[in-house]
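1. Mind looking at a prediction? Sequence and model below.
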Amino acid sequence: LMEKYGADGVRFGMLLSSPAGNDLLFDESLCEQGRNFSNKLWNAFRLVRGWEVDDNLPQPLHTETAVKWIRERMTEVLKGVQTNVERYRISEALMDIYKLVWDDFCSCFLEVVKPGYQQPIDGKTYREIIDIFEVLMQILHPFMPFITEELWHTMRERGEKESIMMTKMPEVETEADQKVLDDFAAARKVIEQVR
């Protein structure tokens with residue numbers, strides 16, 4: 001299975017098929033889903049890394065709003081993940097992180113903030129995207145250690161002895177701003193219906 005889907009893909013599949021208190025209902029397609037998720041992470045990073053950065057450009061309002069939204073969404077999800085991990089609901093915690101990364105970060109957030117075709121992105125937004133990406137890798141690391149370590153090292157200059165494993169897991173001390181989440185969800189729904 002590891003030769004076919006990679007170690008992280010197999011871990012992903014095993015953890016998703018292990019709901020707390022239930023029998024293990026292993027399904028090989030979950031390993032494939034894990035491999036596809038690894039590919040999605042790598043491709044999202046390649047997309048961001050490929051953007052030209054212009055520090056002289058101001059941050060657009062829609063980008064500033066999207067950054068606020070994804071941070072609040074991360075706060076909301078991380079709070080749930082902490083609760084699930086404390087209750088040994090590992091598969092539920094992983095599924096919440098998966099949806100955050102795939103649906104919210106990759107499919108929505110990056111689409112909102114990406115610059116126009118062959119246009120540069122402003123420096124402030126680019127640095128915020130990298131910061132957010134790093135936090136997502138820290139949250140995901142216990143579940144998919146290999147790709148998160150590789151991406152974390154690729155995002156910034158790091159020493160040989162530095163490891164994402166030694167970083168502190170992000171903690172949430174406040175509640176997510178529900179108004180920001182609701183406003184963005186309403187705008188997202190309108191856009192989806194127009195499409």
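-> Yep, it's here.
2. Would you map the strands across this protein?
-> Using DSSP state E, the strands of the chain run over 53-54, 121-122.
3. can you pull the buried residues of the lengthiest helix in the chain?
-> In terms of residue count, the longest helix belonging to the chain (DSSP state H) is helix 61-86. Buried residues in helix 61-86, counted by 16 or more other C-beta atoms under 10 Å: 63-81, 84. From N, CA and C alone the C-beta is placed, and that goes for glycine too.
4. what's the angle between the helix or strand of the chain with the lowest mean pLDDT and helix 61-86?
-> Least confident helix or strand, the chain: helix 178-194 with a mean of 86, by mean pLDDT, DSSP states H and E. Put simply, helix 178-194 runs at 110 degrees to helix 61-86, going by axes from the mean of the first three to the mean of the last three C-alpha atoms, to 10 degrees.
5. Would you mind pulling up the elements that helix 178-194 packs against?
-> Of the remaining helices and strands, those touching helix 178-194 by 3 or more C-beta pairs under 8 Å, 6 or more residues apart in numbering; DSSP states H and E are helix 61-86.
6. Average pLDDT for the helix it packs on, rounded please.
-> On average, the pLDDT along helix 61-86 is 93.
7. Can you check the pLDDT for the residue positioned nearest the centre of the chain?
-> With the centre of the chain defined as its mean C-alpha position, the nearest residue by C-alpha atoms, centre = their mean is V101, 3.1 Å away. Here the pLDDT value assigned to V101 is 96.
8. For the residue lying closest to it once chain neighbours are set aside, give its distance to I191.
-> Nearest residue to V101 in three dimensions, chain neighbours excluded: L136, at 5.7 Å (C-beta to C-beta, 6 or more residues apart in numbering). Distance, L136 to I191, by C-beta to C-beta, to the nearest Å: 23 Å.
9. Looking at those two now, which is surrounded by more residues?
-> Regarding L136 and I191, a neighbour count based on other C-beta atoms under 10 Å identifies L136 as having more, with 25 against 12.
10. any idea of the pLDDT on that one?
-> pLDDT recorded at L136 is 96.
11. OK, contacts around it?
-> Residues near L136 by C-beta atoms under 8 Å, 6 or more residues apart in numbering: 74, 97, 100-101, 105.
12. What ranges does this protein have for its helices?
-> For the chain, the helices defined by DSSP H occupy 2-5, 7-16, 28-49, 61-86, 90-99, 110-113, 123-140, 145-155, 178-194.
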